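Trainee: Need a 3D model of the following:
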Amino acid sequence: MRLAQTRRLVATGLLIGACLISAACGGGSGKKPAASPPTVGGTPPTAPTVFPGRPNIVFVLTDDLSTDLVRYMPHVLAMERQGLTFTNYFVSDSLCCPSRASIFTGNFPHDTHIYGNFGSEGGFQAFHRRGEERHTFAVALQRAGYRTAMMGKYLNGYAQTAGHLADGATSDVRATYVPPGWNEWDVAGWGYPEFNYTLNENGVLRRYGHRPSDYLTDVIARKGVGFIDAAAQSHQPFFLELATFAPHYPYTPAPADRHDFANVRAPRPPSFNVLPTHAPVWLASHRRLTRGQMGRINWAFRRRVRSVQAVDRMIGQIEEALTANGLAGSTYLVFSSDNGLHTGEYRLMPGKLTAFDTDIRVPLVATGPGVPPDSTTRLMAENIDLAKTFTAIGGTRLAGDGHSLVPLLEGKTPSGWRNAALIEHQGPHLSVRDPDYQQPASGNPNTYEAMRTAAFLYVEYSDGEREFYDLRTDPFELHNIAGSLSPQRLARLHSELRALEGCHGGQACWRAMHVQT
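Mentor: Numbers count the residues shown, from 1 in each chain. Predicted coordinates:
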């Protein structure tokens, strides 16, 4: 059955849904043990509720939040208990702006033509110039009668003044500009420090300082609650995106959290401080991390743990607002990140951009009407799927390369689901004014196209190098065996990857995302 057909009103269901979220995800934010993640209590999961009308959607999108931070986020862990966790969710490019462009439009970078954070093929300027803002889920939902709101981070280079773009270009878009598709707009330009930023509040610029109440994640949390309160009074379905700058560098925690988790250190998986065999040229020269470098990695991870505490509290506050307004049973809450981050794996200092799972595999958790509680799916999903998922929930459509995840949200396991994801990246990125500039020690790979399945990771670099990791025997991607594959196998992989990187539109890309494993 289609999602719209399953939404039958059960009066007690709304009350059950509200009570579940209230009990499991209450907004309390007590201090956590310094050396270990907090435990999560709450009511055991029960059958999901359903809703007859068009549900609301709250989308929490974080910046550089890797999967190893989720264990420190009790409200997200509670979401996993109350909803669906995607264990094979990937981003189309492990870089902020290309990933966000794919999320907004549902298209791969080869169709958005957004490959970086700045310049002719990156950032807000390119997205705006190409007219991509007219092809987003926000525009589609607004046209379908949704009240839409965007809060926090938009695209790199947004609200930057002339002469301040990282590539030296000038901006011809005023800082007061509000893109189409949004009824409420509370977006910062350079909000990475979390303090001393300017917020565009529906076309009016407001400067925030360094008071504790100015902490950006807390500001958008308050605004998000206010939006939900107002939307509940209007009886209009709504979409709210809360896009945090946290936990992006400089990993600024809220004042209340700056001394917590004093003994936490970065995880030490088998890939920590180890090179894969037959490493590509861009990686092969990296030496073992020094004691000082490992100390900085621990410092960064600790700061990242601290900075996600405010994000987690925000989720709790949003849940409380939904419950207070009687909307908990009719609202989807979706949590994710634009890309991951490595912290010591493969001898790399904190950074991203690689095709390793540390960077491309990120959290995706969803709760809402009809979503089975305490469930997981290993089916392949990608950030290009979110736009079609959101519009399908809203009863409308949006053309794009992705595929709706609604059947998975309904607890189904569709036959013939895709088994491959495409990752494409252009590099190296060298602008020191880019917030995602990678120091040499962090890794800065050449341009590559990659294909990720449940069975393997295959990468082709622009210089002709290849990587192949057999994930069934090598889950930590430590043994590049591309050189031992037969010419026939390599030819088939190359052909399948070429089909993926050349696909356009939902049907063609869906066909290309079915490969031999």
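Trainee: Which strand or helix spans residue 333?
Mentor: Using DSSP states H and E, residue 333 sits within strand 331-337.
Trainee: Packing partners of whichever helix or strand comes after that strand?
Mentor: The helix or strand immediately downstream of strand 331-337 is helix 357-360, counting by DSSP H and E. Judged by 3 or more Cβ pairs under 8 Å, 6 or more residues apart in numbering; DSSP states H and E, helix 357-360 is in contact with no other helix or strand. No exception for glycine: its C-beta is placed from N, CA and C like everyone else's.
Trainee: Go through helix 357-360 and flag the buried ones.
Mentor: Residues of helix 357-360 classed as buried: 357, 358, 359, 360 (neighbour count, 16 or more other Cβ atoms under 10 Å).
Trainee: nearest to residue 188, of the residues you listed?
Mentor: If you rank the buried residues of helix 357-360 by distance to residue 188 using Cβ to Cβ, residue 359 comes first, at 24.5 Å.
Trainee: Test my guess that the closest one contacts residue 95.
Mentor: No: the criterion here is Cβ atoms under 8 Å, and residue 359 misses it with residue 95 at 9.0 Å.
Trainee: For those two, list the residues in contact with both.
Mentor: Counting by Cβ atoms under 8 Å, 6 or more residues apart in numbering, the contacts common to residue 359 and residue 95 are 339, 352, 353.
Trainee: residue ranges with poor pLDDT in the chain?
Mentor: Along the chain, the model assigns pLDDT under 70 to residues 1-52, 161-171, 432.
Trainee: again, only using 90
Mentor: 1-53, 117-122, 159-174, 235, 428-440, 517 (pLDDT under 90).
Trainee: Determine the longest helix present in it.
Mentor: Scanning the chain for the longest helix, with DSSP state H as the assignment, gives helix 291-324.
Trainee: residue nearest the centroid of the protein?
Mentor: Nearest to the mean C-alpha position of the chain, by Cα atoms, centre = their mean, lies residue 337 at 2.0 Å.
Trainee: In contact with that residue, which residues?
Mentor: Contacts for residue 337 (Cβ under 8 Å, 6+ apart) come out as 61, 62, 63, 64, 65, 66, 362, 363.
Trainee: hang on, the earlier thing: return the list of strands paired to the strand holding residue 333, each annotated with direction.
Mentor: When pairing is defined by DSSP bridges, strand 331-337 lines up against strand 56-62 (parallel), strand 364-367 (antiparallel).
Trainee: any chance of those strands in a markdown table, plus distance to residue 199 and mean neighbour count?
Mentor: Listed next are the strands paired with strand 331-337 as a markdown table, based on distance: least, Cβ to Cβ, whole Å; neighbours: other Cβ atoms under 10 Å:
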| stretch | distance to residue 199 | mean neighbour count |
| --- | --- | --- |
| strand 56-62 | 17 | 25 |
| strand 364-367 | 27 | 25 |
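Trainee: For residue 120, which of those is the nearest?
Mentor: strand 56-62 (25.5 Å).
Trainee: Give me the subset of the contacts of residue 337 lying in strands.
Mentor: Among the contacts of residue 337, DSSP state E puts 61, 62 in strands.
Trainee: closest to residue 308 among the contacts of residue 337?
Mentor: residue 65 (6.6 Å).
Trainee: ok, for the closest one, nearest residue in space, not its chain neighbours?
Mentor: residue 337 (3.8 Å; Cβ to Cβ, 6 or more residues apart in numbering).
Trainee: Okay, and the beta partners of the one you found?
Mentor: Taking DSSP bridges as the rule, residue 337 bridges to residue 62.
Trainee: Same question for the one 5 residues further on.
Mentor: Beta-bridge pairing of residue 342 under DSSP bridges involves residue 351.
Trainee: Contacts only, for it.
Mentor: With contact taken as Cβ under 8 Å, 6+ apart, residue 342 is in contact with 66, 348, 350, 351, 352, 354, 356, 358, 359, 443.
Trainee: now with 6 Å?
Mentor: Residue 342 makes contact with 348, 358, 359 under the criterion Cβ atoms under 6 Å, 6 or more residues apart in numbering.
Trainee: any idea where the strands of the stretch 401-517 of the chain begin and end?
Mentor: 420-425, 448-453, 456-461, 466-470 (DSSP state E, counting those that start in this stretch).
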